[in-house]
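> Sharing a model prediction with you, sequence too.
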Amino acid sequence: MRLFSKGTAVGVAVPTMGKLTRKPVHDQATRRDYIVYGDPASLNGFNGDLSGYAGVYDPRTCAQPGSLPTVSGVPNLEYLDDDDVVLLLPSGGVNVLYRRRSEHNTILTTERCNSYCLMCSQPPREVDDSHRIGEILRLLELVSPDTRELGLSGGEPTLLGDDLLTIIRKAADVLPRTALHMLTNGRRFSDYTLARRLGEIRHPDLMLGIPLYSDLDHRHDYVVQRRGAYDETVEGIYNLAESGVRIEIRVVLHRQTYERLPQLADFIYRNMPFVSQVALMGLEMFGFTHRNLEELWIDPAEYGPQLESAALFLATRGMNVAVYNHQLCTIPRAVWPFARKSISDWKNVYLAPCDKCGVKDYCGGFFQSATKRHSAFVRPLPRQNPDADRILREWHGIKTSTASSVPPNS
Amino acid sequence: MQEQFHPATFFAPEGAKYTLLPFRFMDFDGRRFLANDAGQYCFLDSPEFTTLLDGTLSRTSPAYMELKAKHFISDTALRVPLRLLATKIRTKRSFLDGFTRLHIFVVTLRCDHSCQYCQVSRVTADRSRYDMSRETADRGLDMVFRCPAREVKIEFQGGEPLLNFELIRYIVEEAERRNEEQGKEIEFVLTTNLALIDDEILGFLREHRVYVSTSLDGPAVIHNANRPRPDRDSHDLTIRGIDRVRKALGHDGVSALMTTTRLSLAHPEAIVNEYVEHGFDHIFLRPISPYGFAVRTRRHTGYELSSFLEFYRRALDYIIEVNRRGTVLTEIYAQILLTKILTPYATGYVDLQSPSGAVIGAVVYNYDGDAYASDESRMLAEMGDRSFRLGNLHQDSYSDIFGGPVARALVEASCVESLPGCADCAFQTYCGADPIENYATQGDVIGHRPTSHFCGRNMEIIKHLFRLYHGSDEFVQRLFWSWVERVPVSSLYPTIPD
């Protein structure tokens, strides 16, 4: 998946954002939202009228040198689509900020973080990236209002303070039909005022994904590498719930978290049964995970009993359970109903044994990075009996094609 | 420069001290049972319990971690554990929100039955003397709408309330009319023996979504013996009535209650079968109440506590087997107790809470306008003891009735947190108090726990449920959860067929 390209910039004095169009925009007033892109043939459709557009992204040459911010010289623009949002940089770089056809658009709010998790997939950097705030506010104006879901991640988004509230207010305003899912460690919400102010925005479909790694404070604090973090997160969860903000608890499973997973499930049920979902997530081989692999790695097949126990414990008690980033061949069959195909499309791969697998359609596969390390139990599974197959298809929203459901000899 | 990672020991709590948070404990089958105010519990071996109290329980022991995670002990600043505990306790007490939710209207004292254990009815044709008037009903509705509860239940009782159906019709329509401005959630329940049900009544019940609650004591031989009519046809009429109600209101439009009499004791399986046979997915195994005519006829209907417990255990065992064979059947009392034991939530069951549900959970408006703290209070009054009469709808105000000396005394006398024998009981959060039963059977509202049937019954049933839940039968655990979650055991969680 290409999210960055490099070409030659002409007239790009400042980073220039716009949504892509290959067709002329007739309303002069909205042209400033658009960046014209495509091969010369499609640009011909504009009849030379490029006035008022935000910029041009052209694979060959500059269409109108000097008049509009232009990046050119990047071949193969097929990776882009109309209504994708890109940022043209003075350096000639082109960042894709939003892809219209993807279900996995995530906005990075900041690279800074107040935790330092052992398995962080996006290691924090202590940089001043406050320029992102203005870019995000502009991006929200350009994103299609029909977008189903947008993610907000970091770093730790709450480090933006008031600016984060401004971003969420803006999203509620311009994208009222778009679900907003924010990943946060929740610690800053131990300040009740911040939680209350977030709740007061009354975003129509906001969910915070908050990690909780143990029922015991010091175990959680070790995983996130901050003393007192557990207390802050737990208080944050309470403050958010009291402010009417919906919460998903996220637990990354590894050697430091799997043992007390059933006890954590009990803790969540007894102390925060109000959460909308509990997500049990496989480890990503990104970022800090490599540095701490000895402390973190456990073959998912080894924690099957704890995973099954926790998932069924919560489901039995009427709580929503989702198991992310796991392959069906590495988890107990009883956990399959909770397994989601969750890996972002651009990170998702399958391995060689998967080609012969009978349940590949229902399996989330691997992170690209898992090619480096994955369960020793990865293997092709047989096709399921028709009843099981039908149920799995329904769960995953896979339409039954007549051709494949009729055995060849019948 | 990149920051270094710290080892796990860096985050381990400092010092060896831990603080005990409030909990209660008792011996239970050779182990120590501990429970806190949020209803969370754990079992410890006796030596482990001793080390816990000594302050020497090892941090690395599983017991230590369990006790800490469940908020029995703390080794950190207390702010967060106390906040979690406080929230859990508040959730467990949420039945107090909204004050009185159940308002019972005794629309007539007249009845077509003459049941042995019944409490309060009269077989008579004298309408003017034993029927509630519209004026009284109006005053009763004044109270319903004065109560802060947003969700209220209006229940019609008797006698046989259908003998005064016109007043039921009036109360339902008047409540709906008044509610257009008030916007409460009102549920109507008609408690009837079904003998007098007809199409006109059924049409009304359907139109106004009135639920029906009836009595079914078991097979005909038991039911008819308990509930005599001149033609000994009560069972027949009940079953036919249940069918008619279901046809009109849907299968779940009618529920049934059973009362255990001496005659029932030897037939738990037959009674359970009767409920299954007639398509009920629930049964409520209730002991006979020590009121009304039941006191007078105790020699015929009453029994020792141990006999009831034996009956309850046998019936529950049989219900478990019925479920194992694939029939969905919930025992309601177990469901209520298991919800208290296993979940963070409260139950709305007024007969097992602290303070007791008398007045603050339920109130009874008698046919003559007298308001009582509970159904049992008016039964006592019918026997000549008006101790729990809260006032009269025609003479007393809302605050006289709901905040008067009788109401206050009942609340004060029914907080298990301070009652002798309850204050330090480890089952306290699962139980409740019944000051009126204490008064009726033991002579004062406080009561004497060692000789109390209420206490003995609940202690033993709770223990029985714990033994079953923590026993070796894995199906029982799932079954109990299916009762708590009110779903068939097969739909507790999704599975993929092998």
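Cool, got the structure.
> so what pLDDT did the closest residue to B:Ala77 other than its chain neighbours get?
Leaving aside its chain neighbours, B:Ala77 sits nearest to A:Asp231 (7.3 Å; criterion: CB to CB, 6 or more residues apart in numbering or on different chains). For glycine as for every other residue, the C-beta is placed from the backbone atoms N, C-alpha and C. For A:Asp231, the pLDDT comes out at 97.
> My reading is that A:Asp231 is in a helix; is that accurate?
Yes: counting by DSSP: H, G, I helix; E, B strand; the rest coil, A:Asp231 is located in a helix.
> how far away is it from B:Thr50?
With the distance defined as CB to CB, to the nearest Å, A:Asp231 ends up 30 Å from B:Thr50.
> between those two, which one's more packed in?
For A:Asp231 versus B:Thr50, the count of surrounding residues by other CB atoms under 10 Å in any protein chain shown is larger for A:Asp231: 20 against 13.
> Quick one: residues contacting that one.
Counting by CB atoms under 8 Å, 6 or more residues apart in numbering or on different chains, A:Asp231 makes contact with A:Ser190, A:Asp217, B:Thr76, B:Ala77, B:Arg79, B:Val80.
> again, only this time at 10 Å
A:Arg187, A:Ser190, A:Asp217, A:His220, A:Asp221, B:Thr76, B:Ala77, B:Arg79, B:Val80, B:Pro81, B:Arg83 (CB atoms under 10 Å, 6 or more residues apart in numbering or on different chains).
> Buried members of the residues you listed into PyMOL, please.
Burial among those is assessed by 16 or more other CB atoms under 10 Å in any protein chain shown; the matching PyMOL selection reads:
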select buried, (chain A and resi 187+190+217+220+221) or (chain B and resi 76+80+81+83)
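> Among the contacts of A:Asp231, which lie within helices?
A:Asp217, A:His220, A:Asp221, B:Arg79, B:Val80, B:Pro81, B:Arg83 (DSSP state H).
> wait, isn't the fifth one in contact with A:Asn239?
No: with contact taken as CB atoms under 10 Å, B:Val80 and A:Asn239 are classed as non-touching, separated by 11.8 Å.
> list the residues that contact both of these two?
A:Ser190.
> Please list the residues of the stretch 301-410 of chain A that sit near chain B.
With CB under 10 Å from any CB of the partner chain as the criterion, the stretch 301-410 of chain A meets chain B at residues A:311-318, A:321, A:333-334, A:336-338, A:362, A:384-392, A:395.
> Just the buried residues of these.
Using 16+ other CB under 10 Å, the buried ones in these are A:311-318, A:321, A:334, A:336-338, A:362, A:384, A:388-389, A:391-392, A:395.
> In the stretch 251-400 of chain B, which residue sits nearest chain A?
B:Pro344 (5.3 Å; CB to the nearest CB).
> roughly how far apart are that residue and B:Asp243?
40 Å.
> So these two - more neighbours on which side?
Higher neighbour count among B:Pro344 and B:Asp243: B:Pro344, with 19 against 14, using other CB under 10 Å.
> hang on, that one packs against B:Lys70?
No: at 11.9 Å, B:Pro344 does not count as touching B:Lys70 under the criterion of CB under 10 Å.
> Find residues that contact each of these two.
Each of A:Arg270, A:Asn271, B:Ala38, B:Gln40 lies in contact with both B:Pro344 and B:Lys70 under the rule CB under 10 Å, 6+ apart.
> do the host helix or strand of the first one and chain B meet at all?
Of the helices and strands defined by DSSP states H and E, A:Arg270 is found in helix A:261-271. Yes: when contact is scored as CB under 10 Å from any CB, part of helix A:261-271 falls within range of chain B: A:Gln263, A:Leu264, A:Asp266, A:Phe267, A:Tyr269, A:Arg270, A:Asn271.
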